[in-house]
Structure formats: C-alpha cells, structure tokens
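1. have a look at this fold, sequence not included:
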C-alpha cells in the first residue's frame, strides 16, 4: 500500500477524521462562496453550530447546472492568485464545468493517484505508459503526477496514434498502462494487425476508466494483453481520477479515498439515501479541496457502495462498477436502458468483436433502436468461407442475440452484424450512442 496507515484505518478513526475535515470545508465555503452561504442561510445552517456527518443530510446538493450557472469562477473558495491550475469538461452540452486547484490541491491529487497506481498493482521502479489525454481533461495530468509522486518512469503518450503507441509499448517495455478501456482495446487490435501479440508485451497491469465498461470487457482486455485490468473512477468536479480504484488482488469494487471524499448514494428521484448495496446516484463531498470544494455533488453516475473490509486489507468503502451515467440513459419507447446492458450481452458471444454502437432513430412517432456490432475475425472468415451454411450461421447468431437483447432490455431492437474493422475506433473515449432523434 502507498499509505497503509490511512488505507487500513479503523472505521471509527476514519469517521473522526472525516468529521474534522467536513467541518473545516463547511467553514471555508460559507465564508468564501456566496452561493453556499446563501444556501446555508436559507437552511439555517451555520458553521459554528454544524455538528458534522450526522447532519450531512441537512446540507444542500450541488449539481452540474450550479457549476455552469456560476461559470467560470463563481464557486471558487480561493483567491485567484492561489489557483495554480485550471481544468474543464468538454462542454459538449453547453458551457464547460471549470475547476481550479491550489498547490495543496495538486499535492493531494498526486497522492490519491499514486495510491491508485499502487492499489492497481504498480511498484516503485515501474515504467508507466499513460495513454489518457493531456490538456483540460483531467485524466492525463492526474495519472502523470501520481506516477511522478511514486518516482515511476512516466511515458506521457496521451491519446490517439495507435501505431506509434504500439511501438512505444514494444520498445520502452512499460510494466503498467493507463487509458480508456476502448482505446487500449483498439491499441491491442492494432498490434495484432501488425503481426504482434499483445500478450507477449511487458505489461502486467492496466488502469482503465473515463467511460463505463463491463466485466465482459475486462475479460477481453485481460485475455488480449495477459494483464490485470482494474477500474478507476474520478470526475473533474470532485478532483479528477483517483477518487476510487479497484485493487488487483480482488477486483470486487473500487476503494474510495474516504479521507478525501465523503460518499453517499441516493435515489435520484426522491433524493433520499438508499440502503448499502442498492444501486443509486453517487454523491460526493470533497473534504480537502481548497480552490473549489463541492458539497453533496450529484455526479449523475449510478452505482452502489458497501463498507465491509476487502481481502487486500483496505478498509475504506468500496463502490460498484458504474452502471452508467444518468445522462447516458436511453429512453426507447418508454423503456430505460444503458449501453452497458447491451455490452454485457454482446461480449458474452465469442462470435462477436468488442466493438459496437447503438443508433437511435425516429420511425414515424416511435423510436427505433439499431444495435451495430462487428463479427469477430475468425467467425467472419468462417462464415465467408462457408458457401453452403455461412448465411444460416449468421442468421442463427442474429436470432440468438436478438432474443437475448430483448430479454435483457425488455425491448425489441434491430441488429446489424458488421464485418470486422467497420466501426470507427476510439482515439480516447468511445462513442457508443448515435442518437439521430436530436437532429
């Protein structure tokens, strides 16, 4: 462990630390952020009388729209001369969400990312290939400074350019790699097409995140690369990557850095807390952020948490893999569904490649869902070479898949089995949904 005295802390000691830090952050935002002071005054909450975690449910929620409405600096709790870094979301749905960091914020961020790398299987002395994008996106620089905090040899490859990255992996022989799961899958595919076997590379572990992915895709990645593939979670509004990460020993939930982030899970409709182990919306309160703390931030991510200690020895709460973002949920003919549900069905079929898209169109007054998925190279070649039974094999697979999808989604859809290399490959985050209803 990177910080065993923290990562194995007893629950009563951890709660005591969280209480102290929560009171400090309430004091900070009350006096420095007019938005929070107004909210607290309306609710008759004053820092001097706030008693800590026991009164957490009295505090107001913060939403992404609050961040956008106070763009760019309205939620900052530090003077601008103290802010040494700015990051932002892509802003694809309007104004980006802008976040700031003081020097101390960057030190804490490096700390949780360093902790994440060790939890994932990293060791001092590793060479570490970082395929997350660098820039306003937090992924690249977050993992970069975490690796440097550990003294690793960092290879700042960033995203894109699969052939060049394949060469770097082969020549520089990193032990660890980080990136979006869809891009690392595409990277391995590029190596195979070049006549190389990713399983013979030097890689032993991979840290994958920034997009929802399934257990089925984990198996694909681990089989393709012969590595431990672990999930990492973070979002720029809270800090960036490093909020939570799986351990390589168990891979049974992501360990949340509870000394820095207070977690809740709520019903997104009633806003009431849900029982431990029940799926709901993740809500985070930052406990150590200076530049832009957030109070009860509604992430839009759907997951569950449990607090039993892990067999790796860590005692912090663990969150499940994110099922999906509320923003990514599709409503088709009144049925709610997530891309991850489709992915789990598709990747359970060995005849299919792990590349797919969901296309939603209007058909008159009704919605039409088309699942496009590539056939695996071996199956496609076998079907193509079988003049007698190739079409029958393809149609049998199509029928089985449609039945499985309908049973899983409770929704009729169309299915297109595409030749290999048909769909666009990820250069960063995968584009899983093409919603033509919005045009």
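-> Everything's here; your move. In this text, all values refer to a predicted model and were calculated from it rather than measured experimentally.

2. tell me the spacing between the nearest residue to residue 103 once chain neighbours are set aside and residue 101.
-> Once flanking residues are discounted, residue 103 sits nearest to residue 84: 5.3 Å by CB to CB, 6 or more residues apart in numbering. Where C-beta positions appear, they are placed from N, C-alpha and C, glycine not excepted. Remark: distance between residue 84 and residue 101 (CB to CB, to the nearest Å) = 6 Å.

3. these two - which one has more neighbours?
-> Taking neighbours as other CB atoms under 10 Å, residue 84 and residue 101 compare with residue 101 leading, 24 against 14.

4. need the contact list for the more buried one.
-> 83-87, 109, 291 (CB atoms under 8 Å, 6 or more residues apart in numbering).

5. switch to 7 Å and redo it
-> 83-85, 109, 291 (CB atoms under 7 Å, 6 or more residues apart in numbering).

6. host element of it?
-> strand 98-102 (DSSP states H and E).

7. ok, now residue 220?
-> Using DSSP H and E, residue 220 falls in helix 215-225.

8. what helices and strands are in contact with that helix?
-> If you count contacts as 3 or more CB pairs under 7 Å, 6 or more residues apart in numbering; DSSP states H and E, helix 215-225 packs onto helix 181-193, strand 228-235, helix 339-346.

9. one step back: what's the distance between the residue nearest to residue 103 and residue 365?
-> For residue 84 relative to residue 365 (CB to CB), the value is 54 Å.

10. from the rest of the structure, what touches the longest helix seen in the chain?
-> As assigned by DSSP state H, the longest helix anywhere in the chain is helix 11-32. With contact meaning CB under 7 Å, 6+ apart, helix 11-32 is reached by 36-37, 40, 47, 50, 52-53, 77, 258-259, 262, 285-288, 293, 295, 315.

11. 8 Å instead?
-> 9, 36-37, 40, 45-47, 50, 52-53, 56, 59, 76-78, 258-259, 262, 285-290, 293, 295, 307, 315-316.

12. can you check stretch 147-162 too?
-> By CB under 8 Å, 6+ apart, stretch 147-162 touches 2, 110-111, 113-114, 117-118, 122, 124-134, 140, 144, 164-165, 168, 172, 174, 176, 179-180, 183, 186-187, 190, 425, 427-428.

13. buried ones in stretch 111-126?
-> 111-122, 126 (16 or more other CB atoms under 10 Å).

14. make a PyMOL selection of whichever of the contacts of stretch 147-162 turn out to be buried.
-> Paste this into PyMOL to select the buried members of the contacts of stretch 147-162, with burial taken from 16+ other CB under 10 Å:
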select buried, resi 2+110+111+113+114+117+118+122+126+127+128+129+130+131+132+133+140+144+165+168+174+176+179+180+183+186+187+190+428
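
15. now do residue 247: how many residues are near it, please.
-> 25.

16. for it, which non-adjacent residue is spatially closest?
-> In space, residue 247 is closest to residue 312, 4.3 Å off (CB to CB, 6+ apart).

17. next one: residue 435
-> Excluding the flanking residues, the one nearest residue 435 by CB to CB, 6+ apart is residue 360, at 4.7 Å.

18. so that neighbour sits in a strand?
-> Yes - in this structure, residue 360 lies within a strand as judged by DSSP: H, G, I helix; E, B strand; the rest coil.

19. from what I can see it touches residue 437, true?
-> Yes - contact criterion CB atoms under 8 Å: residue 360 and residue 437 qualify, at 5.7 Å.

20. the domain parsing of the protein - what is it?
-> 1-327, 329-438 (automatic domain parsing).

21. quick check: mean pLDDT across stretch 9-25?
-> Averaged across stretch 9-25, the pLDDT comes to 97.

22. got the buried residues for it?
-> Across stretch 9-25, burial judged by 16+ other CB under 10 Å covers 9, 14, 18-19, 21-23, 25.

23. what touches both of residue 360 and residue 437?
-> With CB under 8 Å, 6+ apart, residue 360 and residue 437 have common neighbours residue 367.
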